Each structure stands twice: as C-alpha cells, then as structure tokens.
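Colleague: from the sequence below, what's the structure:
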Amino acid sequence: MNLIDKDATRAKALFVGHLTPGREGLLGGLRNIGMETLYFETPNKARSRMNWCDFILYGAAETAEAAPMQRIAETGKPFAAVLRPEDKGFTPSSIRSGARAVFVDEVHPEEVFQFSRTLSEEGYLRRELRWLRTEAREESGGWRFEGTSAAAERLRRSIQLAGQKYRTILLEGEKGLNFRLVARALHSQYPGARHPFLHWGPKMRRASTLEKAIRRMEERRGEEGDIVEKGGTLFIEDAQLISRDLQKALAKALRGKSLSREFRVIFGCTHDPERLIQDTILKRLYRKETTRFIKIPPLRERKKDISLVAQGILDEFSSRIGQPRRRITPAAMDWFSRQKWWGNESELEMAVCRAFLVSEGNSISLDDLSPTPRGKGGGDNIEGFFRDRLSSVVTALGDGESSDFYDHTIRSVEKPLLELVLREAGGNQVQASRLLGMNRNTLRRKLLEFGLTKPSPSRRR
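Modeller: Below is the predicted model:
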C-alpha cells in the first residue's frame, strides 16, 4: 500500500446529518478499514470537532438543507453530500453549495475510501506544487552560500550537522546578514530537501497576519498546517520581534504531539544594539537534545569570502534584470575587500547593485563604486587608475597566444600623453621635454614616430 492509500485509510471522517440504518452500516464499514469516524446530528453540534476531521460526510434529508451545507463549506473542510434515492434531484444544489462529491444511499465504504484517496492525492499534488514554487523562487532570487574562509567552513560544518539532526535551530548574527540563505542551506540537508520551505519574513510582522498563521498551524490548515503535519521547514525571520503573547501561542502550536518527525523550525535572531530584546520563546522550546544554536559570522570576519559573495550578488542581480553577466575588476574587488561592511551582506548588496547601475561596459571598475573610491591615494594614484582600466582587457587575452599587446598598450598611452604635454607647452619641444623629464632628441624622435610633428626639410649641400 502506497503513502496515499495509507493516508486515505488513516483519514478521520465526520458524519453530520440524518442517520439511517444504511448510513450506520457505512460508518461501521469505514471503521473496519481503519478510518476514525464521529457522528453529530447538526452542523452546530459538530462545530467543535470539525478541525479534528479530514473530511465531512453530510447526510441530507430534504432540499431545504442547502444553507447548512454552505456553512460546512465555509469551514474550509472538504465534504461530500449523502442523499437518499428520492433526493437525487438535490445533486446540483449540493455541488453549488460546495460539495466535492455526491453519494446516493446505499453508500458502500469503498466509495468513501476512493473519495478520501482523491483528497490525499490532491494534498500531495498541492504539496509538490508548493515545493516547486519554493525551488523556483530560490533559483530566480538569492545567491548560493559562498565562502572558503575558516569562518565559512565552520559555518558550513554546523549547517551540515544541524541540518541532519536538529528539529529546532536558532540562527544568531548581526543585522544585514543573509539569514535566509543559511536557513535554505539547513533545509537542503536530509530530510528537508523533499519538503516545502516556508519563510515568515517582514510581511508577517503584523500581529493580525501572524495570529492567523499560528491559528492555521494549530488547526492543521493551509501551508502552515501542511508542513507541521507532513514535514518541512518553517523559517521565522527576526523572531525576537514577535510579541510575547504571540510567542506563547507559537510555542504552544510547535509543541503539539502530532508534529511530523520531518518538521523543523528555524529562528533567525538579529543583534540590534539600538534596543534590548528579551526573548522568551526559546525558553519554552529549548530542549538540549533537539535544539541547536548556530552563530553566523559577520562579513568582516570573512574577508576571504567577500570577492565570492560580491560576484555572486552581481551575477544574481544581472540575471534578475535580464542583463549580461559582468565581472568586477581586481582594483574594485580590492576596494570591496578593504571595507568594514558593518551592514554585512545587505550593505554589500546595495554597493554592488549601485555600481552595476552606474557602470558601463562589461565590468565594474573602481570609478563605479563611489565619487572618491581611491581613499588615501586620491586622484594621484595613476598606477591604480591604469591597473583598473587594463584589468578587464588583460583577462580577455587568449591563453598562450602571442600578440603585440604590450607595444600596443604602451603606444596607446604614450601618444596621448605626448600630445597633451606638447599642447600644454604651447608647441615648444624644449619646454615639453622639461615637463616630461625626457631628453629633447628622444622627444623629437617619438613625436616623429607618432606623427605629432612634421620632419624638417633636409639641407642642400
């Protein structure tokens, strides 16, 4: 028996409405195949147990019962109408009221089992769709976890250990760090990769929104109820900002006995020096054998990784806006590596994206980073200027191929230099040679070579 059949057999059925001997036999047959069943005469009496069941069977007695069907449909639980033979004309009204199926007495338990199996298949398809949407979002946005530094390697080992073992994980770090990237890396470890990843980000900050999500989790409805019951990862960003009342409600929902063994929750807690935050939810959830604390190192402690992270951000941003891939020149990458980045990945991302928007060509140079990016060297750093300009050209040279690149580069720089200095000297070659610190005859020879002066006519003997 496959997983869908097992879920269909273990389903909980709630029968509401008029009960006949044949319908009593139906409930007995369902119990014999392993289903749990309950019976109530009216929807009002059954209201307290509707969250318990997986689907509802409504036994209608007459066509005047369309309104109770609509109230059942409003609960969000799938239901099927069970009609008497003389009430078959009530089928269209039942469908319009929200019934997913219509059975006519005498109903065989196998029919209800197939209905339950269909609901299980739909649930698995919805779950697969959520997983595919999650993967598509991650492929189209965000960069992979990069880093070869010692701090990055320690973080990677912690992710590998915690991702395979712990069900409750706390990520701690400074504001601006990419918590979602680390949470996704944890989710990708066994057994999370085959389950959906649910992210409670800034949009969940409103108390009313968070309260509804927690209620869905408690009632096992929607995405929240799905991952809690069947497995998946819930990542709560900035968990320290949740109010104490909602922390209590969340802790209660996450300590239920029916949690899937393949469900995990990841809390992201940022260190904010501007306010003191007393967290209480971890005290309710902390269990030494199931909880793991992971500290994410700030970017300034991973100097070796900055080049990889910056290039990853640039590649992702280029792809997002549909532009060709660009590279960061060595001088610009050196500038990135020398910064403190107190804002971590968020600050780095802003700097990279700004440089991309103001840059031209297929690379980001030092001039694209800030109005005065050279720091102490200022505008007199001629060596850095030429290094930055030539870096993208040098990388385009073929491997091992001979060329006149050196001579061409020297000529390209030397000619405009001589031309500008000669103009500054008013055409006086003696003055120009002094400005350049060059022998007058050498200057004259180069001017002739570049065609910047006419040769004097030869004297006749």
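
Colleague: right, and Leu447 touches Leu422 too?
Modeller: Yes - taking CB atoms under 8 Å as the definition, Leu447 is a contact partner of Leu422 at 7.2 Å. Any C-beta I mention is one placed from the backbone N, CA and C, and that applies to glycine too.

Colleague: mutual contacts of those two, please.
Modeller: Shared contacts of Leu447 and Leu422 (CB atoms under 8 Å, 6 or more residues apart in numbering): Gln429.

Colleague: domain parsing for the protein?
Modeller: Split into domains by automatic domain parsing, the chain comes to 3-119, 141-297, 303-394, 405-449.

Colleague: these: which one's closest to Arg126?
Modeller: Each of these has some distance to Arg126 by CB to CB; the shortest is domain 141-297, at 7.7 Å.

Colleague: so how far is that closest one from its chain's centroid?
Modeller: On the basis of CA atoms, centre = their mean, to the nearest Å, domain 141-297 is displaced by 13 Å from the centre of the chain it belongs to.

Colleague: same thing with stretch 23-30?
Modeller: In terms of CA atoms, centre = their mean, the gap separating the centre of stretch 23-30 from the centre of its chain is 48 Å.

Colleague: from here on, call the first residue 23.
Modeller: With the count now opening at 23, the last piece we talked about shows up as stretch 45-52.

Colleague: show me what that stretch is in contact with.
Modeller: Against stretch 45-52 from outside (CB under 8 Å, 6+ apart): 35, 37, 59, 61, 81, 104, 127-131, 134-135.

Colleague: coming back round to it: adding mean pLDDT and distance to Leu147, write the domains of the chain out as CSV.
Modeller: Below are those laid out as CSV (pLDDT from 0 to 100; distance: least, CB to CB, whole Å):
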stretch, mean pLDDT, distance to Leu147
domain 25-141, 83, 10
domain 163-319, 79, 12
domain 325-416, 78, 29
domain 427-471, 84, 59
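
Colleague: now mean neighbour count too, for those, in TSV please.
Modeller: Below are these laid out as TSV (neighbours: other CB atoms under 10 Å):
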stretch	mean neighbour count
domain 25-141	17
domain 163-319	17
domain 325-416	16
domain 427-471	13
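
Colleague: mind putting the ones you listed in TSV, distance to Arg148 included?
Modeller: As requested, the domains of the chain are arranged in TSV below (distance: least, CB to CB, whole Å):
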stretch	distance to Arg148
domain 25-141	11
domain 163-319	8
domain 325-416	28
domain 427-471	60
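
Colleague: can you pull out the strands in the stretch 273-422 of the chain?
Modeller: In the stretch 273-422 of the chain, the strands defined using DSSP state E, counting those that start in this stretch lie at 285-293, 313-317, 349-350, 385-386.

Colleague: what distance do you get for the residue nearest to Ser280 when sequence neighbours are not counted to Arg71?
Modeller: What sits nearest to Ser280 in space, not counting adjacent residues and going by CB to CB, 6 or more residues apart in numbering, is Glu251, at 6.6 Å. In this structure, Glu251 and Arg71 are 17 Å apart, going by CB to CB, to the nearest Å.

Colleague: do the same with Gly290
Modeller: Distance of Gly290 to Arg71, given as CB to CB: 37 Å.

Colleague: do Arg176 as well
Modeller: Here the criterion is CB to CB. By it, Arg176 lies 50 Å from Arg71.
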